[in-house]
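Novice: Fold the following, please.
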Amino acid sequence: LLVMRLSVIIVVFLTLLQPVISWSLDRATSDRIIVAVDLSESMATKDHHARKAEKLQWARALGMIGNEKTNARIDRWIEDYKAGREPRSADKGETNNAAEHQNLTQSRKENIENVFKNVDRHSRKEIAMKLLLKGADPLLPKLQKIGVVEVVVFGGKVVATDQENLQSVIENPPRSLHADSSNLTNVLSSANADSIAGVVLLTDGRETATLVKTDVIDAAQRLGRNKIPVYAVRFGSLYPPADISFGELEYP
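Specialist: I've put the predicted structure just below:
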């Protein structure tokens, strides 16, 4: 009974002291990674004229084709297309039956043609969206494991967005973006700040907003001097189309 009484007295005494329990947490501050997506009008282009090797590489990046068993074969097909050769669809030894070999060859040719048609349906900005959010190995979740990711979209102006709204913004760019031009200089200049780990630039590379084309080079060099790397992911075919594409035609 004495022990209980002493315990009550001690509890009351401690309560009157109004004790406060506190603790501290040490958090490591992560550098920011700027992901900049070009949404100028040229990014709405569908590269139907792209070479087959390019389309095959894009299809693999989008997860339309390829796995551990077929990667070596696809590598060989890409090299064949680059060299101007028609790839061998079925290897010797895959089947000893001539009819089965022919059926396998025909099946793979039809499959690859369907892959090319599927790629043709995607514009440059749609490919960018899938690479960031929905590809075989989405880029944004991987970057978020490295640092704090900040997403911006740009045309003539730079507009901040977030991962949740990125798809809708890519599909319907806001008017404030000024999609009729592309200002790479503005994007790179805005990234020249403290705690920036790097810039991931997804663009077709068309600088149209500045008259002096060396401005974008100067902006990139300033980032270099501050040890802020720029990782440029170029969209579109390396080969220009042989014809003219009319976006809009007005006539009396």
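
Novice: all helices for the protein, in order.
Specialist: If DSSP state H is used as the criterion, the helices of the chain fall at 2-16, 52-61, 71-82, 98-120, 124-129, 139-144, 163-171, 184-190, 214-225.

Novice: Could I get those in JSON lines, plus columns for mean neighbour count and mean pLDDT?
Specialist: The way it works is simple: take the backbone N, C-alpha and C, and place the C-beta from them, glycine included. Formatted as JSON lines, those follow (neighbours: other CB atoms under 10 Å; pLDDT from 0 to 100):
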{"stretch": "helix 2-16", "mean neighbour count": "9", "mean pLDDT": "81"}
{"stretch": "helix 52-61", "mean neighbour count": "20", "mean pLDDT": "94"}
{"stretch": "helix 71-82", "mean neighbour count": "15", "mean pLDDT": "92"}
{"stretch": "helix 98-120", "mean neighbour count": "14", "mean pLDDT": "89"}
{"stretch": "helix 124-129", "mean neighbour count": "22", "mean pLDDT": "94"}
{"stretch": "helix 139-144", "mean neighbour count": "15", "mean pLDDT": "91"}
{"stretch": "helix 163-171", "mean neighbour count": "14", "mean pLDDT": "91"}
{"stretch": "helix 184-190", "mean neighbour count": "21", "mean pLDDT": "89"}
{"stretch": "helix 214-225", "mean neighbour count": "15", "mean pLDDT": "87"}
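
Novice: Ala36: which of those is closest?
Specialist: Ala36 lies closest, by CB to CB, to one member of the helices of the chain: helix 184-190, at 4.9 Å.

Novice: Tell me which other helices or strands the closest one touches.
Specialist: On a contact count with 3 or more CB pairs under 8 Å, 6 or more residues apart in numbering; DSSP states H and E, helix 184-190 meets strand 148-154, strand 158-161, strand 196-203, helix 214-225.

Novice: Give me the distance from the shortest one to the chain's centre.
Specialist: Centroid separation for strand 158-161 versus its chain: 16 Å, with CA atoms, centre = their mean, to the nearest Å.

Novice: as a whole number, average confidence for that strand?
Specialist: Mean pLDDT, computed over strand 158-161, is 92.

Novice: quick one on the thing from earlier: how about the helices of the chain in TSV, adding distance to Ser42?
Specialist: Below are the helices of the chain laid out as TSV (distance: least, CB to CB, whole Å):
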stretch	distance to Ser42
helix 2-16	71
helix 52-61	17
helix 71-82	25
helix 98-120	17
helix 124-129	7
helix 139-144	21
helix 163-171	14
helix 184-190	12
helix 214-225	15
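
Novice: Tell me how far Lys145 lies from Ser195.
Specialist: When distance is defined by CB to CB, to the nearest Å, Lys145 is 17 Å away from Ser195.

Novice: Perfect, that will be all.
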